[in-house]
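1. Structure for the following, please:
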Amino acid sequence: MLSREDNEILTRVGPGTPMGDLLRRYWIPACLSSEILEPDGAPVRVRLLGEDLVAFRDTSGQVGLIEEQCPHRGASLFYGRNEQCGLRCTYHGWKFDVTGQCVDQRSELHPFAHRIKITSYPIRESGGIVWTYMGPVESMTPFRDFGTDSLPAELAGANKEVIYCNWV
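-> Okay, the predicted model is just below:
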């Protein structure tokens, strides 16, 4: 039987925890490609390793996985408008691209968007799944093809099931 302290170390996966830091060094599934199929479609909430994120497909078809809270006033970007290669916060109009860079600030008299960047994670689509790497960039491993990269989309199928438990 594990002690309470050992159990906490083993099962907590938030940022800065031992297991959270370890699991972030692997490519993990974030959502299904079918959940964000159309460019400029509705964003999707994603909760991974204790972080609240938003996935979206921009106008050019690129997928972004960014933190959910807008840095301006903390409004949820899940309610944002996906338009013209970015996700626009509906509270004050700041817009973020798939890299998390603020690219427009409609509400500011003197825009400073170039200085604002929110957390974003690299992604890779393969086999109908959007995969992400949440660890340090310097330790990012190449994405491992599970045999689905070369398959036509109609031959690869993916589904998901939500199970409320810890990773162990």
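
2. host element of the residue most central in space within the chain?
-> The residue lying closest to the centre of the chain (CA atoms, centre = their mean) is residue 65, at 2.7 Å. Assessed by DSSP states H and E, residue 65 sits inside strand 63-67.

3. burial of residue 165, as a residue count?
-> 6 (other CB atoms under 10 Å). No exception for glycine: its C-beta is placed from N, CA and C like everyone else's.

4. Residues contacting the strand holding residue 65, please?
-> 30, 33, 36, 46, 51-58, 77, 87, 96-100, 118-121, 123, 125, 130, 132 (CB atoms under 8 Å, 6 or more residues apart in numbering).

5. Sort out which of those are in strands and list them.
-> Mapping the contacts of strand 63-67 onto strands (DSSP state E) picks out 30, 46, 51-57, 87, 96, 123, 125, 130, 132.

6. looking at this protein, which residue ends up farthest from its center?
-> residue 1 (35.3 Å).

7. show me the contacts for it.
-> Counting by CB under 8 Å, 6+ apart, residue 1 has no contacts.

8. Buried by neighbour count, from the contacts of strand 63-67: which ones?
-> 30, 33, 36, 46, 51, 53-58, 77, 87, 96-98, 100, 118, 120-121, 123, 125, 130, 132 (16 or more other CB atoms under 10 Å).

9. which stretches of the protein form helices?
-> 4-11, 18-23 (DSSP state H).

10. Of all those helices, which one is nearest residue 153?
-> helix 18-23 (28.4 Å; CB to CB).

11. In terms of secondary structure, what does that closest one contact?
-> In terms of contacts (3 or more CB pairs under 8 Å, 6 or more residues apart in numbering; DSSP states H and E), helix 18-23 is packed against helix 4-11.
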